[in-house]
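*Asks:* quick one, what's the 3D model for this:
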Amino acid sequence: MAQQTPLVLRLLASSTTLAGKAGKIIKDVMKGGDLGIIEKGSGKNDLQTEADRSAQRCIVASLVKLFPDVTIIGEEGPVHETDEVPSDWIVTDLDAGVLASDCPDEYVETDPKDIVVWVDPLDGTSEYAQGLLDHVTVLIGLAIKGKPVGGVIHQPYHNYKVEPDSKGRTLWGLVGLGVGGFIPKTPPTNKFIITTTRMHADELVDRALEALKPDEIIRVGGAGHKVLTLLEGKAHAYVFASKGCKKWDTCAPEGLLRALGGKLTDIHGREYDYSADVEYPNAQGVFATSRHVDHDALINRIPKELKDKFPR
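*Replies:* From the prediction side, this is the model:
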């Protein structure tokens, strides 16, 4: 029966199950006590841990096995072959709830060559290393012909302070179908709240925030966590006037946000392309809004001289 289900639904169902397995691996590494931290980029806040590496190997190996004709891009670039992994890391189960959903007509005959899966196995690595575990997410995004149409956000440590043994929660969404795993909420109507970076603020980030005049600013780690604040009605917009995010950070969150009628663009209001051959950095910043906000009106409040810092 599963093989008769459209490819896009099978991919989403697989990603939903896989994200939960990756979350367990992340928690197991933390329990083991040796995070295996290395600096992979230009500074102390660009970290990679054994949890990042192991979770990515699990996700990628499983997706390659199940969907060999689909392009998969993780933090280390496109994946064609993968190293051997423990047998229990190959996850072939598909989420029954996703499989039981009605696939939107536009995705029923999707060619696998038109699909790119963007994987961030551990979004919020710095926060993970610092013990800020509620910031951590696993992100698996689905793009078709360059458009982010769906994805999965898994929170391994959701509500962990209240339920230490919790398995976390998994949120999924598909444009045209809706979302599952949580109940979307509406942001407050009596104040305007923006979420932004916890650690990477600079003059441009601060100037963008000042121009928007929020009543409150929520500073958290991870693009997945920031978009969750929009999905759950804790903030109206996510603004990051900087070049720090990459496509694997935003594909899955944008897919869920769009499934709920929200929007994510660059600082100019242009959509990002998630095709297989694009550059990975979101070099023109990130500007996301819930469906309850006029995205274009907010973009227009950003001064031209600030936008000009991000060439089109």
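
*Asks:* contacting residues for Trp248?
*Replies:* Contact analysis of Trp248 by CB atoms under 8 Å, 6 or more residues apart in numbering lists 73-75, 118-120, 139, 141, 280. All C-beta spots, glycine's among them, are computed from the backbone N, C-alpha and C.

*Asks:* farthest pair within the residues you listed?
*Replies:* Using CB to CB, those span at most 14.0 Å, a distance reached by Leu139 and Tyr280.

*Asks:* so between those two, which is more surrounded?
*Replies:* Leu139 (31 against 14; other CB atoms under 10 Å).

*Asks:* can I assume the more buried one sits in a helix?
*Replies:* No: judged by DSSP: H, G, I helix; E, B strand; the rest coil, Leu139 forms no part of a helix; its state is strand.

*Asks:* surely it touches Val152?
*Replies:* Yes: using CB atoms under 8 Å, Leu139 is in contact with Val152, at 7.3 Å.

*Asks:* intersection of neighbour lists for those two?
*Replies:* In contact with both Leu139 and Val152: 19, 252, using CB under 8 Å, 6+ apart.

*Asks:* which stretches of this protein form strands?
*Replies:* Ranges of strands in the chain, per DSSP state E, are 38-39, 47-48, 71-74, 77-79, 115-123, 137-144, 147-155, 169-174, 178-180, 193-197, 216-220, 237-240, 263-265, 286-289.

*Asks:* out of these, nearest to Asp28?
*Replies:* Among the strands of the chain, the nearest to Asp28 by CB to CB is strand 115-123 (12.6 Å).

*Asks:* what is that closest one packed up against?
*Replies:* helix 7-32, helix 50-66, strand 71-74, strand 137-144, helix 223-231, helix 247-259 (3 or more CB pairs under 8 Å, 6 or more residues apart in numbering; DSSP states H and E).

*Asks:* which among those is found nearest to Glu127?
*Replies:* Between the helices and strands packed on strand 115-123, helix 223-231 lies closest to Glu127; by CB to CB that is 8.2 Å.

*Asks:* for that closest one, packing partners?
*Replies:* strand 115-123, strand 137-144, strand 147-155, strand 193-197, strand 216-220, strand 237-240, helix 247-259, strand 286-289.

*Asks:* can you list the ones you listed in CSV and add distance to Ala22?
*Replies:* Formatted as CSV, the helices and strands packed on helix 223-231 follow (distance: least, CB to CB, whole Å):
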stretch, distance to Ala22
strand 115-123, 6
strand 137-144, 5
strand 147-155, 7
strand 193-197, 24
strand 216-220, 20
strand 237-240, 23
helix 247-259, 12
strand 286-289, 23
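
*Asks:* give me every residue that touches Leu174.
*Replies:* Contacts of Leu174 by CB under 8 Å, 6+ apart are 8-9, 12, 101, 104, 107, 142, 149-150, 255, 259.

*Asks:* tell me which of the residues you listed is nearest to Leu230?
*Replies:* Nearest to Leu230 out of the contacts of Leu174 is Ala259 (CB to CB; 12.2 Å).

*Asks:* who does the closest residue to the closest one other than its chain neighbours bridge with?
*Replies:* Sequence neighbours aside, Gly173 is the residue nearest to Ala259 in space, at 3.4 Å (criterion: CB to CB, 6 or more residues apart in numbering). Beta-bridge partners recorded for Gly173 (DSSP bridges): Gly151, Val179.
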